[in-house]
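In: coords below, sequence missing:
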């Protein structure tokens, strides 16, 4: 079903046909479809989705569309949708809404839900608390497998995941039992005897990236979350962990391109917002580059004597910049998957020195040969070759050390990528180039 | 437990203590620990791991260590480990081993397993087939819930995931039943009645990235895989999908830094291999940059008359390069999550034109003002301002179009990132700069 068909059926009041078609669709696709519709049609179409599917569809929509719906729905419809939603999804919705809408929604919920929603809303933006689910299956250590399965049947319908159950006593997490263990165990077995007590867990105030990393590393379906007293408060499910991973990757890439990361999508961001995200770093980098220009000005007499010297500036700047960003990127990626740690700094430097030797010699020989052939000038070939060896080595060292320095200062290593390194390396490369040139040509 | 303790206990022959400590550890951590040990100790320690845990630990180790173990273990030990492993993990191990080791291993397996392993090994490297699991729970449409649960109990122990069961008739996939649906349904219910027949699936020869995207988009725990006849052949589990996502992200980042992507880790790659991965693009970019140099040579008389012109070259090159890589990165990220499609090209261009107007004017005014204050030269300020407006706009257009062009040509858009764009944009920027300069100063 495409948006045009929906509009036509709506215009023809063929609601039953739409209902039937919607019932066949996956909620993710349904949300995609609704977002393509004009405002009025979207609200009409949303009302034709089955009760249970409506809540899930709603949670997959973009904040802008959600707000349109919140404003168009009656209080009764709204609370039906919110009651069906998982609490963490509801909290995500509320986070994006203006204050008056949040009030309107909270007023409709019962006191216990309101308390939980407020708690979820109070966690810092990038914390585990802000992505966790508070619905999970808790068991007692002395229960039998039969009792556990009955409990899952009773409460499981409302739990975002029932595949990992948590054994809890006095609010403390004692162990984990998978649905698989329950299914393959005899029904009289006591939970205590089949639970896994070696538990991987996170704290509500840990970085959500940390949780996503643990889920990936240990191949988990859900990760338990405890508060600072060690009491179980929720779980992070694998689907949320995947979203975090994707968001963090996009954030790293945008940071590496000197853009302020933004939560919204490309088309969802206004032109002005795009400009505002890109301008700050551009200004910083632009003014830093004038420093390189000042170094050039110092050697005015040199290139007045040999104007050809100027024509090598772009090649030297680009090559050293590229080498620097190559090492920086490899280190940033290595640190992102915890392969490279801060204590490996000497190992990294030693490796990069050797790589730089191989890379710089190759580039120097290739370019030296080219110059010898094109200009038949041994001295010029030597100048370019020597400059490349020095600048490439320096660039790779700066490139590998800056991201580690950033991490040491508790900054995101990704900000130390290409653009910043290029600017640092440029100035050094130009200084080295003209220094060698003046010596070689006695300028 | 750290590696030093293990070595001491091994030296003191306190095997029981080690066994007990290992039994408490997670297999992922155990693999990490073993990898830190010297070769001989690693083999000794591996033999102290419990039978079931040994296979899983083995699958988490690096190919290099796996090979050491394969060579050190007796045939009997080896087949015990492989029998316990999931077939897809075993295939991954075999892929990394030299031919004689593969033969030795395959000789130990029964004909059916050997056939399945050979089939898994035959799929192309980045295809869904190469990451799928062939073990899953299949049900018949006319089974009852009770029979289904019994079947899970019987075969479930060996299946990588039992949380999604597949309803199959004549090898064709009819529907999906979650373990959750089974748990909350009455035991006499017929599977047909509770199965979901709107199935999201992939083909064995699809790109594994496609599978990972579907798992993320629809929040799945497993995704069914069918062959070209539409017969069910396996599943892709969410943990494998997460690995694919992480690998693809790392690959994109390295491509964007002009490095040939490699399968191994930073430290796992030799110095020579590192150099070989980095040199090709560096050479291409280095020689392309000489093109920019040639443009500069054309304007020798211009900067002979006004040497100050040379000092702005780095700033203009860097700024336009940065703007280009900003748009390119946003487009690459947008395409990676399927937000930006090829048909959006005009929407993207129109957006980037407006962003470029805002960005370039801001940069031009800021830098023009600085020059006016520093040099009291209106013409120079005008030159830099005009150049920035033209080059920034051009850079953002090239930056947004090249990745889309790459996608159109079925290349990875990530290769069109910073370094390549910088080089393209540099030449254009320098040409524009000197063209405006000669006109303004009538050189």
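Out: Ah, there it is. Bear in mind that the values here come from a model prediction, so they are computed numbers and not experimental data.

In: gap between stretch A:82-89 and the chain center?
Out: Chain-centre distance of stretch A:82-89: 24 Å, with CA atoms, centre = their mean, to the nearest Å.

In: Is it in proximity to chain B?
Out: No - among the residues of stretch A:82-89, none lie within reach of chain B under CB under 8 Å from any CB of the partner chain; the closest is 11.2 Å away. Just so you know, the C-beta spots here come from the backbone N, C-alpha and C atoms, and that holds for glycine as well.

In: Flag every buried residue along that stretch.
Out: Of the residues in stretch A:82-89, those scored as buried under the neighbour-count criterion (16 or more other CB atoms under 10 Å in any protein chain shown) are A:82, A:84, A:85, A:86, A:87, A:88, A:89.

In: Distance of the second one relative to residue A:52?
Out: Distance of residue A:84 to residue A:52, computed by CB to CB, to the nearest Å: 6 Å.

In: about what we covered before: tabulate the buried residues of stretch A:82-89 (TSV), appending secondary structure and pLDDT.
Out: Listed next are these as TSV, based on DSSP: H, G, I helix; E, B strand; the rest coil; pLDDT from 0 to 100:
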residue	secondary structure	pLDDT
A:82	helix	78
A:84	helix	79
A:85	coil	80
A:86	coil	78
A:87	helix	78
A:88	helix	78
A:89	helix	81
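
In: which of those residues sit farthest apart?
Out: When CB to CB is used, the two most widely separated members of the buried residues of stretch A:82-89 are A:84 and A:88, lying 13.6 Å apart.

In: for residue A:147, what are its contacts?
Out: Listed by CB atoms under 8 Å, 6 or more residues apart in numbering or on different chains, residue A:147 has no contact partners.

In: that's a helix at it, yeah?
Out: Yes - with DSSP: H, G, I helix; E, B strand; the rest coil as the criterion, residue A:147 is assigned to a helix.

In: on that earlier part again, could I get the buried residues of stretch A:82-89 as JSON lines with distance to residue B:70?
Out: Below are the buried residues of stretch A:82-89 laid out as JSON lines (distance: CB to CB, whole Å):
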{"residue": "A:82", "distance to residue B:70": "56"}
{"residue": "A:84", "distance to residue B:70": "53"}
{"residue": "A:85", "distance to residue B:70": "51"}
{"residue": "A:86", "distance to residue B:70": "46"}
{"residue": "A:87", "distance to residue B:70": "49"}
{"residue": "A:88", "distance to residue B:70": "45"}
{"residue": "A:89", "distance to residue B:70": "47"}
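
In: Can you pull up the most central residue in chain A?
Out: Of all residues in chain A, the one closest to the mean position by CA atoms, centre = their mean is residue A:248, 1.2 Å from it.

In: was I right about that one contacting residue A:211?
Out: No - at 11.0 Å, residue A:248 does not count as touching residue A:211 under the criterion of CB atoms under 8 Å.

In: Show me which residues of the stretch 101-250 of chain A sit near chain B.
Out: Proximity of the stretch 101-250 of chain A to chain B, by CB under 8 Å from any CB, involves residues A:149, A:152-153, A:156-157, A:162-163, A:179-180, A:183-184, A:198, A:200, A:215-219, A:221, A:238-239, A:241-243, A:245-246, A:249-250.

In: List the buried residues in the helix-or-strand element of chain A with minimal mean pLDDT.
Out: One helix or strand of chain A scores below all others by mean pLDDT, DSSP states H and E: helix A:99-108, with a mean of 75. Within helix A:99-108, the residues that qualify as buried by neighbour count (16+ other CB under 10 Å) are A:101, A:102, A:105.

In: got a list of what the first one touches?
Out: Contact analysis of residue A:101 by CB under 8 Å, 6+ apart lists A:67, A:70, A:71.

In: which stretches of the stretch 51-200 of chain A have low pLDDT?
Out: A:156-160 (pLDDT under 70).

In: Break down it into its strands, ranges please.
Out: When assigned using DSSP state E, counting those that start in this stretch, the strands of the stretch 51-200 of chain A occupy the ranges A:138-139, A:164-169, A:172-178.

In: Need the winner for burial among those strands.
Out: strand A:164-169 (a mean of 21; mean count of other CB atoms under 10 Å in any protein chain shown).

In: what's that one packed up against?
Out: Secondary-structure packing of strand A:164-169 (3 or more CB pairs under 8 Å, 6 or more residues apart in numbering or on different chains; DSSP states H and E): strand A:138-139, strand A:172-178, helix A:179-184, strand A:232-237.

In: This completes my enquiry, with thanks.
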